[in-house]
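Visitor: Got a predicted structure here, sequence first:
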Amino acid sequence: MSTLLITHPAFLAHNTGPHHPERADRLRAVLAALDDEEFSGLRRTEAPLAKPQELAHVHPAEYVRAILGIKPAEGELAMIDGDTVMSTGSAEATQRAAGALIAGVDAVMGGTAKNAFAAVRPPGHHATPDTPGGFCLFNSVAIGARHAQAKYGVGRVAILDFDVHHGQGTQAVVEPDASLFYGSTHQYPLYPGTGAARERGIDNNVANVPLAPNSGSEEFRVAWSERILPALDRFRPELVIVSAGFDAHRRDPLAQLQLETEDFTWISDQLLAIAQQHAKGRLVSALEGGYDLDALADSAAAHVRALMKA
Ligand SMILES: [Zn+2]
């Protein structure tokens, strides 16, 4: 079975305006890297639109309607908050980003792919059920987790997040529900300021390890090996979902962690091993952040290479 790559041209039509770090060139860089001959074994499919009722597994129906109803005129931008922007194409993009997670879950649960990578934008992990923010509109990974539970009766879904920012939106969904697990390393202090180690969820189903600026490979690997992976192993996920942000790379302009591209191979291998042990290998990963185009392309390629080798 192969690795599924899910993307869509609509993700490039989410226009955030000039000088915004979360820009279409990010996805172009990732897709250009995955165009290499070495990735010819990927199965590729277009991201469908998530249905409003699928979005409503995480977001209140009125929030779904409000976001999908924001359609600025061509060339105009709607400022959702200080750094979250919507253009003409943004509603479709965020609806397809969630749809990519749904398609990935369908593929691994249905046995048509061993694992999947959703190359999407906008990212999603900062969107809480009722508040957009941090470039995020719908929380795609949480929507994927809820879809797995609703459609396939999956009992325990884990979401692991190695983006340099804490996914407080995902944590808001997970923390009251012991059928979900959330584990994250992130730089602290940094936006959004959440993710203290004492935030542990309802049943130790949240594992946060904040890392000081300038932490590198060693601190990152110790955090996962000694704190998050043992808790994840105890949780015994039946499906693993990954918030794959690559902005902890040392070249990223938005943060000060010092990871190397090889660290993304390492964490990918660790998460794939847990998926293999507990979840029949079922893993669906989604692009979150990563703002240096070369570091992002190299790191996403390393991640997908690991998925293909699993
Ligand atoms: Zn980030």
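Guide: Nice, I can see it.
Visitor: Up against the ion, what does this structure have?
Guide: Residues of the chain lying close to the ion (CB under 5 Å from the ion) are Asp163, His165, Gly245, Asp247, Gly289. Quick note: C-beta positions are derived from backbone N, CA and C, even for glycine.
Visitor: so Ala300 sits right up against Ala119, yeah?
Guide: Yes. Ala300 is within contact range of Ala119, at 7.5 Å (criterion: CB atoms under 8 Å).
Visitor: what's the overlap in contacts for those two?
Guide: Val30, Leu34, Leu287 (CB atoms under 8 Å, 6 or more residues apart in numbering).
Visitor: List the beta-bridge partners for the last one.
Guide: If I follow you right, that is Leu287. Legend: beta-bridge partners of Leu287 under DSSP bridges are Ala244.
Visitor: what's near enough to touch it?
Guide: Contacts of Leu287 by CB under 8 Å, 6+ apart are Leu27, Val30, Phe117, Ala118, Ala119, Val120, Arg121, Pro123, Ala244, Gly245, Ala300.
Visitor: quick one: the first one is in a helix?
Guide: To tie it back to what came earlier, the one meant is Leu27. Yes. Under DSSP: H, G, I helix; E, B strand; the rest coil, Leu27 sits within a helix.
Visitor: so what pLDDT did it get?
Guide: We have a pLDDT of 99 for Leu27.
Visitor: Number of residues surrounding it?
Guide: Look at Leu27: counted by other CB atoms under 10 Å, it has 23 neighbours.
Visitor: now do the third one
Guide: When neighbours are defined as other CB under 10 Å, Phe117 has 28 of them.
Visitor: Which neighbouring elements make contact with the strand or helix carrying it?
Guide: When elements are assigned from DSSP states H and E, Phe117 belongs to strand 115-118. Secondary-structure packing of strand 115-118 (3 or more CB pairs under 8 Å, 6 or more residues apart in numbering; DSSP states H and E): strand 3-7, helix 90-110, strand 283-287, helix 293-309.
Visitor: deepest of those, which one?
Guide: Comparing those by mean neighbour count (mean count of other CB atoms under 10 Å), strand 283-287 ranks first with a mean of 29.
Visitor: quick one: average pLDDT of that one?
Guide: pLDDT averaged over strand 283-287 gives 99.
Visitor: list the buried ones in stretch 182-192?
Guide: For stretch 182-192, the neighbour count (16 or more other CB atoms under 10 Å) marks Tyr182, Gly183, Ser184, Thr185, His186, Gln187, Tyr188, Leu190, Tyr191 as buried.
Visitor: Closest to the mean position in this protein, which residue would that be?
Guide: Ser243 (2.6 Å; CA atoms, centre = their mean).
Visitor: what's the closest non-adjacent residue to Ala178?
Guide: Ranked by CB to CB, 6 or more residues apart in numbering and with sequence neighbours excluded, the top spatial neighbour of Ala178 is Asp203, at 4.2 Å.
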